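Enquirer: need coordinates for the following:
(chains A and B)
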Amino acid sequence: MSYELAFEVERGDFETAGGASRKIKKTLQQLGISSKIIRKVSIAGYEGEMNLAIHSWGGTILLEVAETEIILTIQDSGPGIPDLHLAMTEGWSTAGVEARRMGFGAGMGLPNMDRNADHFEIESKVGNGTKILMKFFL
Amino acid sequence: MKLSRVQELLEAVVLSGESHLDDEVLTGFGCDLMSDVLCFAREDAVLLTGLINKQVLNTVDMANMNSIVFVRNKMPSEDVIKMAQEMNLLVMSTKYILFEACGMLYANGLKGAHLR
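Expert: Numbers count the residues shown, from 1 in each chain, chains lettered A, B, ... in the order given. Below is the predicted model:
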């Protein structure tokens, strides 16, 4: 079993943000993945999707379903995170007014992705962008 | 508690997903911060909130929660109601403020949907 699906997420598009995560959830349900794992992937993926809409200049989400794991790769082309340690601290956020009006920007997104994934990697360079790799073991 | 009892206690108007009124709910979570809902709320719970945008529906969907009650007489736009209908999600609106609505449900046996 091997399955791949890619989505683009636009900067600042709070109207349609969440659409990729809903499709990922439906896909995993159709593939017969357990609801416990789907919930973890859905929450981590949605946090990532909202981060792309809120913080990035736009980016992509890649879903890969393999024999023993689900991999989510969330990547953008900027602006990049100057201090990853701060960004991973609960309660620290640079989100703007619009994101906060939607109920986001509490500084919980990245830590929550880390909490839900079995394996979490983040790399970021100012000017180059951010890449997050999350694995969920089946 | 049946969701129909939640509707009755809160004198709530049903905006979508009426067929779920017969479903059971064991816990509730009251919050206007979707980030915290995604972090702390248990699945199969009812979310009580004063936020009425589409991201509230997405949050409840991703967290596998079973219904939404908008408090303080908040009414979402037609777009949001249509999206809830397409998702087949039970969404209601009550005149009570968040504190009162949570208190009434808690006093009648609904527990907090806290994960930790």
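
Enquirer: for the closest residue to residue B:19 other than its chain neighbours, give me the pLDDT.
Expert: Closest residue to residue B:19 in three dimensions, ignoring its sequence neighbours and counting by Cβ to Cβ, 6 or more residues apart in numbering or on different chains: residue B:88, at 7.6 Å. Heads up, the C-betas are built off the backbone N, CA and C, glycines and all. Looking at residue B:88, its pLDDT is 96.

Enquirer: and the helix or strand bottoming out on mean pLDDT in chain A, how far from the chain's centre?
Expert: Of all helical and strand segments in chain A, the minimum by mean pLDDT, DSSP states H and E falls on helix A:97-101, at a mean of 88. Computed by Cα atoms, centre = their mean, to the nearest Å, the chain-centroid distance of helix A:97-101 equals 18 Å.

Enquirer: packing partners for it?
Expert: In terms of contacts (3 or more Cβ pairs under 8 Å, 6 or more residues apart in numbering or on different chains; DSSP states H and E), helix A:97-101 is packed against helix A:35-55.

Enquirer: follow-up on the earlier one: so the residue nearest to residue B:19: helix, strand or coil?
Expert: At residue B:88, secondary structure determined by DSSP: H, G, I helix; E, B strand; the rest coil is coil.

Enquirer: which ones are touching it?
Expert: Shown in contact with residue B:88 (Cβ atoms under 8 Å, 6 or more residues apart in numbering or on different chains): B:16-17, B:19-20.

Enquirer: residues near residue B:12, how many?
Expert: 20 (other Cβ atoms under 10 Å in any protein chain shown).

Enquirer: what comes up buried for stretch A:45-59?
Expert: A:45-56, A:58-59 (16 or more other Cβ atoms under 10 Å in any protein chain shown).

Enquirer: could you list the residues of chain B in contact with chain A?
Expert: Residues of chain B lying close to chain A by Cβ under 8 Å from any Cβ of the partner chain are B:32-39, B:43, B:49, B:51, B:53-56, B:58-59, B:61-64.

Enquirer: phi, psi for residue 30 please.
Expert: I'll assume chain A. phi -70, psi -30 (degrees, to the nearest 10).

Enquirer: oops, I was thinking of chain B
Expert: Residue B:30 adopts backbone torsions of phi -110, psi 120, taken as degrees, to the nearest 10.

Enquirer: how near is the residue nearest to the spatial centre of chain B to residue B:55?
Expert: For chain B, the residue nearest the mean C-alpha position is residue B:68 (2.0 Å; Cα atoms, centre = their mean). In this view, residue B:68 and residue B:55 are 12 Å apart by Cβ to Cβ, to the nearest Å.

Enquirer: ok, residue B:13 - contacts?
Expert: Per Cβ under 8 Å, 6+ apart, neighbours of residue B:13: B:92-94.

Enquirer: shaky segments in chain B?
Expert: Residue ranges of chain B with pLDDT under 70: B:116.

Enquirer: distance check, residue B:102 against chain A.
Expert: Using Cβ to the nearest Cβ, to the nearest Å, residue B:102 is found at 17 Å from chain A.

Enquirer: tally of neighbours for that residue?
Expert: Neighbour tally, residue B:102, other Cβ under 10 Å: 21.

Enquirer: quick one: secondary structure of it?
Expert: Assignment for residue B:102 (three-state DSSP): helix.

Enquirer: residue contacts, it?
Expert: Counting by Cβ under 8 Å, 6+ apart, residue B:102 makes contact with B:28, B:30, B:48.

Enquirer: could you verify my assumption that residue A:45 touches residue A:70?
Expert: No - if you go by Cβ atoms under 8 Å, residue A:45 and residue A:70 don't touch, sitting 9.6 Å apart.

Enquirer: any shared contact partners between those two?
Expert: Jointly contacting residue A:45 and residue A:70 under the rule Cβ under 8 Å, 6+ apart are residue A:63.
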